[in-house]
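1. Okay, here's the prediction I keep looking at, along with the sequence it came from:
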Amino acid sequence: MKPLIEFCASNMHHGTDKIVKLLEQDDKYDVIEYGCLGNCGECYMMPYAIVEGEIVSAETPEQLLDNIIATVKRQQEQNEALDKLLDDL
């Protein structure tokens, strides 16, 4: 299952539109853009996205991309560890 990455259209003024386009080109991710994600304070202050339900933010769009990729990797590692633990039971 591909990781779901959600973006707020109102956050595009921070440059996240470039990140959306990059991630959409990579078939490893499901990318969805909404009109509003209900995180107005976060949205106003800095670039952000929601990765599998977890808010990920950064000072720049480039840092956001790095943080998104790192978050996806961390979440996948956690899921694999949990699956292994459950298999061992």
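-> Sure thing, it's come through.

2. So which residues of the protein form strands?
-> Ranges of strands within the chain are 4-8, 30-34, 48-51, 54-57, based on DSSP state E.

3. Of the ones you listed, which stretch is the most buried?
-> strand 48-51 (a mean of 23; mean count of other CB atoms under 10 Å). All C-beta spots, glycine's among them, are computed from the backbone N, C-alpha and C.

4. Where is the longest helix in this protein?
-> In the chain, with assignment by DSSP state H, the single longest helix is helix 61-88.

5. looking just at contacts, which helices and strands does that one meet?
-> Secondary structure elements in contact with helix 61-88, counted by 3 or more CB pairs under 8 Å, 6 or more residues apart in numbering; DSSP states H and E, are helix 16-25, strand 48-51, strand 54-57.

6. Name the residues of it that are buried.
-> By 16 or more other CB atoms under 10 Å, the buried positions in helix 61-88 come out as 61, 64-65, 67-69, 71-72.

7. Having no further points to raise, I will conclude here.
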